[in-house]
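Chemist: Structure here, sequence nowhere to be found:
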């Protein structure tokens, strides 16, 4: 029986970084849009920013991956006001998936600095998920 091959830690870092960067951009856009946005979403934005900072400390996350993720996050500015609420509703799902990927990535990584980045980011992503549950 063939089991699917697990993604390399660098690939996991890139995918999770891209997803979280987009989630942070959505949260930031919602903060700007809602009258009480910062009160409601400020903690979530901080957790997303901290998770991204933790991931950037990983040596296996390339600067090119960070730049590509920023291009995708910049596309959030094109979302209409009506699209922001459904996008916010998906952040808990994105965070849950990211959390699982981060813990699994930590288990497969051989570089101690990557393991630390994975686990630190998982801590912040768990807190981010809690903000949307």
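Modeler: Happy to help now that I have it. Fair warning: this is a prediction, and the values are worked out from it, not measured in the lab.
Chemist: Give me the below-cutoff pLDDT ranges for the chain.
Modeler: The chain contains residues with pLDDT under 70 at 1-6.
Chemist: Tell me where the longest helix sits in it.
Modeler: helix 9-33 (DSSP state H).
Chemist: residues in contact with whichever helix or strand comes after that one?
Modeler: Sequence order places helix 37-56 as the next helix or strand after helix 9-33, per DSSP states H and E. For helix 37-56, the external contacting residues (Cβ atoms under 8 Å, 6 or more residues apart in numbering) are 13, 16-17, 20-21, 23-24, 27-28, 30-31, 34, 61, 66, 91, 98, 117, 120-121, 123-125, 127-128, 131-132. C-betas here are computed from N, CA, C, even on glycine.
Chemist: Could I get the buried residue list for helix 37-56?
Modeler: Residues of helix 37-56 classed as buried: 37, 41, 44-52, 54-55 (neighbour count, 16 or more other Cβ atoms under 10 Å).
Chemist: for stretch 94-112, same thing?
Modeler: Buried, per 16+ other Cβ under 10 Å, within stretch 94-112: 94-96, 98-99, 101-102, 104-106, 109.
Chemist: okay, these in JSON lines with secondary structure and distance to residue 83 next?
Modeler: Listed next are these as JSON lines, based on DSSP: H, G, I helix; E, B strand; the rest coil; distance: Cβ to Cβ, whole Å:
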{"residue": "94", "secondary structure": "helix", "distance to residue 83": "15"}
{"residue": "95", "secondary structure": "helix", "distance to residue 83": "19"}
{"residue": "96", "secondary structure": "helix", "distance to residue 83": "21"}
{"residue": "98", "secondary structure": "helix", "distance to residue 83": "21"}
{"residue": "99", "secondary structure": "helix", "distance to residue 83": "25"}
{"residue": "101", "secondary structure": "helix", "distance to residue 83": "25"}
{"residue": "102", "secondary structure": "helix", "distance to residue 83": "27"}
{"residue": "104", "secondary structure": "helix", "distance to residue 83": "31"}
{"residue": "105", "secondary structure": "helix", "distance to residue 83": "30"}
{"residue": "106", "secondary structure": "helix", "distance to residue 83": "33"}
{"residue": "109", "secondary structure": "coil", "distance to residue 83": "35"}
